[in-house]
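**Q** Generate coordinates for the sequence data below:
(2 chains)
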There are 2 protein chains.
Amino acid sequence: MTTTTFPYQQLFAFAESVFRAIGCPEEDATLATETLLSADLRGVDSHGVARLIGYVRLWEAGRINATPRVGVTYETPSTAVVDGDGGLGLVVGPRAMRVAMEKARQVGTGWVSVKNSNHFGIAGYHAMLPLAHDMIGVAMTNASPLVAPTHSLERLLGTNPIAVAVPADQQPDFVLDMATTTAANGKLEIAQRKQQPIPEGWAQDAAGAGSTDPNAVKNGGALLPLGGATGSHKGYGLGAVVDIFSAVLSGANYGPWVPPFVAFLQPAANPVGQGLGHFFGAMRVDAFRPAAEFKADMDNWITTFRAARATPGQRVLIPGDPERETAAIRLLDGIPLLDPVLRDLESLGQKFGVRL
Amino acid sequence: MTTTTFPYQQLFAFAESVFRAIGCPEEDATLATETLLSADLRGVDSHGVARLIGYVRLWEAGRINATPRVGVTYETPSTAVVDGDGGLGLVVGPRAMRVAMEKARQVGTGWVSVKNSNHFGIAGYHAMLPLAHDMIGVAMTNASPLVAPTHSLERLLGTNPIAVAVPADQQPDFVLDMATTTAANGKLEIAQRKQQPIPEGWAQDAAGAGSTDPNAVKNGGALLPLGGATGSHKGYGLGAVVDIFSAVLSGANYGPWVPPFVAFLQPAANPVGQGLGHFFGAMRVDAFRPAAEFKADMDNWITTFRAARATPGQRVLIPGDPERETAAIRLLDGIPLLDPVLRDLESLGQKFGVRL
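**A** Sure, this is the predicted structure:
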């Protein structure tokens, strides 16, 4: 499939204009764009500007509030629940993380569970926000139900990612950002477009049997939790923890009630909470040890792992290495967009009178 | 292999006497026994009384302090570092979790990183301590390096478990307790005793190739991170987070420097920290929502998942179901011990003049 490459700044200006066109205040449009495009920069193409049209369709369906009043509804010195007021997760997320960071400043750590939000882009972006303040960041979100727990024929969980970012000193930061499934849904979508079989362990069919059909999930099957044939109860358990921290702690929808991202599917008629849920944490490293000592040990941790002997032709990576390397390249060389994504953006441009 | 079954109380009295015999104060001996035997009750036979002789050997080697002064060395309102003073992780762990819970009482959550400790039994036991106080419990620990990160030929991580326990109302609690590897080392030990091949995805050989040889790890290979052929970078990332939270935050040994559990292997000559590390968290659920609301939603979460349609002959379990069911049976019917374990206990009995 052919691609066209655009400078980051050009895509940024375009997406920002689209968010302005649906009524986002200027500050929110900028913030939403930064959050969204962090995915394109870091090579997570499924979660970036390719989804802009999806957010617009949700807004058109009345399911996104472009002018949310995001606020704390419940709190203690180290915790809060934030109500996203139906806003874009792309702006609710960073605001909620700001609350967590302020609490960490005051009492060492801050933990914020969010309700009444929408999809927030990549978890890694949010987890990285505390890094500049010598804090560890944690970010999770629940998501539309596409995943079958171990032995289940029903889809009850989303790909429910976990991200953890840890500051180092001279070394680049440690940034883990992972779906709790074997493969993210974006990888399945790519296989569908190419009509290629998917590896075993990614999905099951409607009868619960393992499947290599890229359309298995579409046709009543489900994504499988991380862990494969002998360990999927672990991925299921992790996805469940993400769901509970994000939604049962906050009062958002959980499990099969999480509203779908695609506007053509209706949310559940009997919601158990408000919107979709996230969970954010910030921990000051100097709430445990002097920051300089901690970061020196992180440098040693990172260099030790990176220097490990590897299988021929391979190297041991630190979580975050591939995404950081991609971001450095794409900031210089631009971001490649697949033709279908480009056509979606052009249709948005026409709709809102914005030039790409 | 034949087994002999003992009542829980009988094994408890025996193990407690052995801990007394190596010099543990009465309170510590009782606590260590409760922590250790929680593994036998819950069916995690590899981590229970079968390891009693291992702890004794570490004490004989001068690597366990039977009379530790466990104390907080650094703190903020929501965090602390606890120095285990070289004590049994079985007693250091619960004391550190008590610190986390007290902080949660004060400011909503408490987070404690521990250095200078030893192996602490099963993570699930520690994570469950806050449940009775309507708190969510989190427990992690690093462990002797047996696991190769993705592409590595070297063992740099332990099986580094994560446990999360969440209180419900009428339903039994949610208790996830999982190694961040495909299989715990205990399962490999069982396959070694039976000389049976292990499933693919559990281990690699010394050249980094996947292996079904139960002795692969012993012969220079390594355990594999959770995730299998296409996802082991996720298990590696999770194991790394456990290592960082447990040891880089506290100042314990991390990665390849974690001291081995077996006394016949020497600790690294150039330690980067003190002992082995743990990480504990306690979150009051009413730091987010009224506890009754939270627990009602947890009941709904649990009953929804448990009622899901399943593949023929199977059911969808809630994390903690199998362990709780085993504990109920073993409290009534007793705990079966394999012959080699029984012989180890008998030799301990002779050494210390204690009757099993």
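
**Q** Give me the distance between A:D286 and B:T76.
**A** According to Cβ to Cβ, to the nearest Å, A:D286 and B:T76 sit 9 Å apart. All C-beta atoms are positioned from the backbone trio N, CA, C, and that covers glycine.

**Q** do the same with A:G320
**A** 27 Å.

**Q** which of the two has more neighbours?
**A** More neighbours surround A:G320 than the other of A:G320 and B:T76, with 25 against 20 (other Cβ atoms under 10 Å in any protein chain shown).

**Q** Local confidence estimate at that one?
**A** Model confidence at A:G320, given as pLDDT, is 98.

**Q** give me the number of residues near A:A282?
**A** For A:A282, the count of nearby residues is 28 (other Cβ under 10 Å).

**Q** pretty sure it is touching A:G110, no?
**A** Yes. Contact criterion Cβ atoms under 8 Å: A:A282 and A:G110 qualify, at 4.8 Å.

**Q** so what's in contact with those two at the same time?
**A** A:A100, A:M101, A:K103, A:A104 (Cβ atoms under 8 Å, 6 or more residues apart in numbering or on different chains).

**Q** possible to save those as CSV with neighbour count?
**A** Converted to CSV, the shared contacts of A:A282 and A:G110 look like this (neighbours: other Cβ atoms under 10 Å in any protein chain shown):
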residue, neighbour count
A:A100, 30
A:M101, 24
A:K103, 26
A:A104, 26
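
**Q** near chain B, from these?
**A** Among the shared contacts of A:A282 and A:G110, proximity to chain B is found for none (Cβ under 8 Å from any Cβ of the partner chain).

**Q** Quick check: the residue lying farthest from the centre of chain A vs B:A209, distance?
**A** Distance from the C-alpha centroid of chain A peaks at A:P312, with 32.8 Å (Cα atoms, centre = their mean). Counting by Cβ to Cβ, the gap from A:P312 to B:A209 is 11 Å.

**Q** the domain parsing of chain A - what is it?
**A** Following the assignment in the TED database, chain A carries domains at A:67-182+A:224-287, A:183-220.

**Q** who are the neighbours in contact with A:E16?
**A** Taking Cβ under 8 Å, 6+ apart, one finds A:A29, A:T30, A:T33 in contact with A:E16.

**Q** tell me the centre residue of chain A?
**A** Closest-to-mean residue, chain A, Cα atoms, centre = their mean: A:I122 / 2.6 Å.

**Q** What is the neighbour count of A:Y55?
**A** 25.

**Q** C-terminal to the helix or strand harbouring it, what's the next element?
**A** In the assignment (DSSP states H and E), A:Y55 maps to helix A:52-60. Next along the chain after helix A:52-60, taking DSSP H and E as the criterion, comes strand A:71-76.

**Q** That next one pairs with which strands, parallel or anti?
**A** Next to strand A:71-76 in the sheet, as set by DSSP bridges, lie strand A:79-83 (antiparallel).

**Q** pull the CA atoms of the strand it pairs with into PDB?
**A** Extracted in PDB, the C-alpha atoms of strand A:79-83 (Å, rounded to 0.1, in the frame of the first residue of the first chain):
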ATOM      1  CA  THR A  79      -6.100  10.300  45.400                       C
ATOM      2  CA  ALA A  80      -8.800  11.800  43.300                       C
ATOM      3  CA  VAL A  81     -11.700  10.900  41.000                       C
ATOM      4  CA  VAL A  82     -11.800  13.200  37.900                       C
ATOM      5  CA  ASP A  83     -15.000  13.600  35.900                       C
END
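
**Q** Spatially, which two of the shared contacts of A:A282 and A:G110 are the most separated?
**A** A:M101 and A:K103 (7.3 Å; Cβ to Cβ).

**Q** Find residues that contact each of these two.
**A** A:G110, A:A282.

**Q** Measure how buried A:Y236 is and give me the count.
**A** For A:Y236, the neighbour count with other Cβ under 10 Å is 30.

**Q** how about the CA coordinates for stretch A:338-349, as PDB?
**A** Presented in PDB, the C-alpha positions along stretch A:338-349 are these (Å, rounded to 0.1, in the frame of the first residue of the first chain):
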ATOM      1  CA  LEU A 338      -1.400   5.200   4.200                       C
ATOM      2  CA  ASP A 339      -3.700   6.100   1.300                       C
ATOM      3  CA  PRO A 340      -7.000   5.300   3.200                       C
ATOM      4  CA  VAL A 341      -5.900   7.500   6.100                       C
ATOM      5  CA  LEU A 342      -5.000  10.300   3.700                       C
ATOM      6  CA  ARG A 343      -8.400  10.100   2.100                       C
ATOM      7  CA  ASP A 344     -10.100  10.300   5.500                       C
ATOM      8  CA  LEU A 345      -8.100  13.400   6.300                       C
ATOM      9  CA  GLU A 346      -8.900  15.000   3.000                       C
ATOM     10  CA  SER A 347     -12.600  14.400   3.600                       C
ATOM     11  CA  LEU A 348     -12.300  16.000   7.000                       C
ATOM     12  CA  GLY A 349     -10.500  18.900   5.300                       C
END
